[in-house]
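Undergrad: need the 3D shape of this:
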Amino acid sequence: MTNLEKYNTAFMETFDITEEQLNSDLVYQSVEAWDSVGHMQLIAALEDAFDIMFDTDDIVDFSSYDKGKEFMTKYEVEL
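TA: The predicted structure follows:
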């Protein structure tokens, strides 16, 4: 599984969405499951999948599918 596939899987499994929904329109609270609890579940899923620990500021600023991709490069994860 590629890093992009792992990244996408974290979103799809956490929010129970399809791959077609993974685009620039996917932002915090754009799907019902992406609330504050879902946000922390997503962060945990990504941390587990990539063996990383997000900084608190990054968790707060992780506001979209695309923004998350930017943060992954900060943690040396190429998507």
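
Undergrad: so which bits of the helix of greatest length in the chain are buried?
TA: Taking DSSP state H as the criterion, the chain has its longest helix at helix 36-50. Judged by neighbour count (16 or more other Cβ atoms under 10 Å), helix 36-50 contains these buried residues: 38, 39, 41, 42, 43, 45, 46, 49, 50. Quick note: C-beta positions are derived from backbone N, CA and C, even for glycine.

Undergrad: quick one: the helix or strand just after that helix to chain centroid distance?
TA: Following helix 36-50 in sequence order, the next helix or strand is helix 56-61 (DSSP states H and E). Centroid separation between helix 56-61 and its chain, computed with Cα atoms, centre = their mean, to the nearest Å, is 12 Å.

Undergrad: list the helices and strands helix 56-61 packs on?
TA: Here helix 56-61 touches helix 36-50, helix 65-74, going by 3 or more Cβ pairs under 8 Å, 6 or more residues apart in numbering; DSSP states H and E.

Undergrad: buried residues of it, list them for me.
TA: Buried residues in helix 56-61, counted by 16+ other Cβ under 10 Å: residue 58.

Undergrad: residues making contact with it?
TA: With Cβ atoms under 8 Å, 6 or more residues apart in numbering as the test, helix 56-61 has contacts from 39, 40, 43, 67, 71, 74.

Undergrad: if you set the cut-off to 10 Å instead, what comes out?
TA: Residues outside helix 56-61 that contact it (Cβ atoms under 10 Å, 6 or more residues apart in numbering): 39-40, 42-43, 47, 52-55, 67-68, 70-71, 74-75.

Undergrad: give the contact list for residue 16.
TA: Residue 16 makes contacts with 31, 32, 33, 38, as judged by Cβ under 10 Å, 6+ apart.
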